[in-house]
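In: Whatever this is, show me its structure:
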Amino acid sequence: MTETPAPESPAPKASTPEPPMPAATTDGPTTDPIGRPTTDPTDGPTTDRPVDDPITGVYTDTYPAQVGSQAIDLPLLALNDSLAISLLITVDVPLSFIEQAGVELAEQLAPFEPDVVAAAATLGIPVGWATARALGHDEMVVLHKTPKTHLADGLVEPLSSITTEAEQAFRLDRKMLHRIEDRNVVLIDDVFSTGGTAAAGVRLLQRGGGRVVALGALLTEGDLWKAKLPDHVDSTVALGTVPVFEPVDGGGWTPTAAPDGA
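Out: Numbering: from 1, shown residues only. Take a look at the predicted model:
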């Protein structure tokens, strides 16, 4: 018998060489471990600056603040060429934010046994309302700034504020005096900065016969408020603190000590 030769195996295909990896280049931006663009310091001066960067401490648009259990990005406002502050506009944030802040303020203010909450107009009113409700109160007192008709014969106390250049004053409706006379009062505002506004509020409430047992705010800004409220440093409750800012060469702002002023 004639043997049939086995078929030959097909020749293996030649492998196609993989394209070479592109060579590393130093052209263009690189990134740091969390994906932010970086610049080689040997490249010389650059106008690129970190944007709102807590690592470098340089901020351009917003500042990340902690208000009790809640985090919020606050817009930066330049008051002049050498000073900027962060703004917490209580009428622009979600109602749930103010409600939760009021609960947390009330928890810390309850040991002072307040009988009534007094709220500083305008941005302190939402915070005062939320705090009063969380304390179980069904009424509060407002320290007004606008000279409305029904306040024509009200008690008046001049005040100063870092965010307002015009002359201002608090006004207390005489019809509301019965709510504070010989009662424990807590004064609520959005932010205590230089202390000028809060000090005026304390004076007005005391003139109306109230006992100011504590102060409350969402934030304190720097430490200047302590100089104008020396009797209330230990009875002031705030859910957080923020700095004021000075300019950085090349753009942006960095935290600094609080400015002198009213």
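In: tell me the contacts of P94?
Out: For P94, the contact set (CB atoms under 8 Å, 6 or more residues apart in numbering) is empty. Any C-beta I mention is one placed from the backbone N, CA and C, and that applies to glycine too.
In: and the gap between it and T256?
Out: Distance of P94 to T256, computed by CB to CB, to the nearest Å: 30 Å.
In: And for H144?
Out: Taking CB to CB as the measure, H144 falls 34 Å from T256.
In: Neighbour count: these two, which is higher?
Out: Using other CB atoms under 10 Å as the criterion, H144 and T256 rank with H144 on top: 22 against 15.
In: Mind listing the residues bridging to F170?
Out: Taking DSSP bridges as the rule, F170 bridges to E157.
In: Double-check that V191 belongs to a strand.
Out: Yes. Assessed with DSSP: H, G, I helix; E, B strand; the rest coil, V191 lies in a strand.
In: So P158 is in contact with G196, correct?
Out: No. Between P158 and G196 there is no contact under CB atoms under 8 Å: 9.5 Å.
In: Among these two, which residue is more densely surrounded?
Out: Shown here are P158 and G196; by other CB under 10 Å, G196 has more neighbours (21 against 12).
In: which residue packs closest to that one, ignoring adjacent ones?
Out: S160 (3.8 Å; CB to CB, 6 or more residues apart in numbering).
In: If you tally nearby residues, what's the number for that neighbour?
Out: Using other CB under 10 Å, the number of residues around S160 comes to 17.
In: Repeat that for G209.
Out: Using other CB under 10 Å, G209 has 13 other residues around it.
In: With G201 instead?
Out: G201, neighbours per other CB under 10 Å, totals 27.
In: can you pull the contacts of L229?
Out: By CB under 8 Å, 6+ apart, the contact set of L229 is F192, G195, A198, A199, V202, L215, T236.
In: ok, what's across the strand from the residue nearest to A120 when sequence neighbours are not counted?
Out: Nearest residue to A120 in three dimensions, chain neighbours excluded: D189, at 4.2 Å (CB to CB, 6+ apart). Note on D189: beta-bridge partners A217, judged by DSSP bridges.
In: thinking D189 is in contact with T197, fair?
Out: Yes. Using CB under 8 Å, D189 is in contact with T197, at 6.5 Å.
In: any common contacting residues for these two?
Out: By CB under 8 Å, 6+ apart, the residues touching both D189 and T197 are A120.
In: between the two, who's got more neighbours?
Out: Taking other CB under 10 Å, D189 and T197 do not tie; T197 has more neighbours (30 against 26).
In: Pull out the buried positions in the one helix or strand the more buried one maps to.
Out: Secondary structure assignment for T197, by DSSP states H and E: helix 196-207. For helix 196-207, the neighbour count (16 or more other CB atoms under 10 Å) marks G196, T197, A198, A199, A200, G201, V202, R203, L204, L205 as buried.
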